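1. Have a look at this prediction, sequence included:
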Amino acid sequence: MSKVFTLEDVAKHNSKEDCWLIIGGKVYDVTKFLEDHPGGDDVLLSSTGKDATDDFEDVGHSSTARAMMDEYLVGEIDASTIPSRTKYVPPKQPHYNQDKTPEFVIKILQFLVPLAILGLAVAVRMYTKSESA
């Protein structure tokens, strides 16, 4: 049976001399791997003190990299010590009715004014043509 660590225990190991990561509910001591990591040691150090599963999965590690993890395994994480994620809820905004904006009124006028001028021109033409006939 493997040892169970709390998040607080794992968070203490956050330096180049002592670096532990939490990936997939398991705790890994990657101190010896820091210099060999293709992404550099900063990538690993930035993932300490938290659940680094998403960081690990987002990169898309190879099956070879996943197989290497077994040699760094030191135990498991007590899941109750990891804070739960909260879903982002956007702030409520007032209802936006675009039919009541000044831009909408301008667009309507840009359509109706030329139409009215055209109608007036046709009416004047019909009136003057009927008088001359």
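-> Perfect, thanks for sending it. Residues are numbered from 1 along each chain as shown.
2. so what's residue 28 bridging to?
-> Using DSSP bridges, the bridge partners assigned to residue 28 are residue 21, residue 73.
3. Was I right to think it contacts residue 68?
-> No - here residue 28 does not reach residue 68: they are 9.9 Å apart, not a contact under Cβ atoms under 8 Å. For every residue, glycine as well, the C-beta is placed using N, CA and C.
4. can you list the weak-confidence ranges in this protein?
-> Within the chain, the stretches with pLDDT under 70 are 1, 86, 96-100, 131-133.
5. Would you map out the domains in it?
-> Per the record, the chain has its domains at 4-81, 99-132, by the TED database.
6. Would you mind giving those domains as JSON lines with distance to residue 91 and mean neighbour count added?
-> Putting those into JSON lines (distance: least, Cβ to Cβ, whole Å; neighbours: other Cβ atoms under 10 Å) gives the following:
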{"stretch": "domain 4-81", "distance to residue 91": "25", "mean neighbour count": "15"}
{"stretch": "domain 99-132", "distance to residue 91": "21", "mean neighbour count": "10"}
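7. quick one: which of those is nearest residue 89?
-> Of all the domains of the chain, it is domain 4-81 that lies closest to residue 89, at 19.9 Å by Cβ to Cβ.
8. Tell me how far the closest one lies from the chain's centre.
-> 23 Å (Cα atoms, centre = their mean, to the nearest Å).
9. Please produce TSV containing the domains of the chain, extended by distance to residue 89.
-> Compiled in TSV, these are given as follows (distance: least, Cβ to Cβ, whole Å):
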stretch	distance to residue 89
domain 4-81	20
domain 99-132	27
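10. nearest to residue 88, of the ones you listed?
-> Residue 88 sits nearest to domain 4-81 of all the domains of the chain, at 14.7 Å, using Cβ to Cβ.
11. Now do the closest one: distance from first to last residue.
-> End-to-end distance for domain 4-81, by Cα to Cα, to the nearest Å: 11 Å.
12. same thing with stretch 54-71?
-> Terminal residues of stretch 54-71 lie 21 Å apart, using Cα to Cα.
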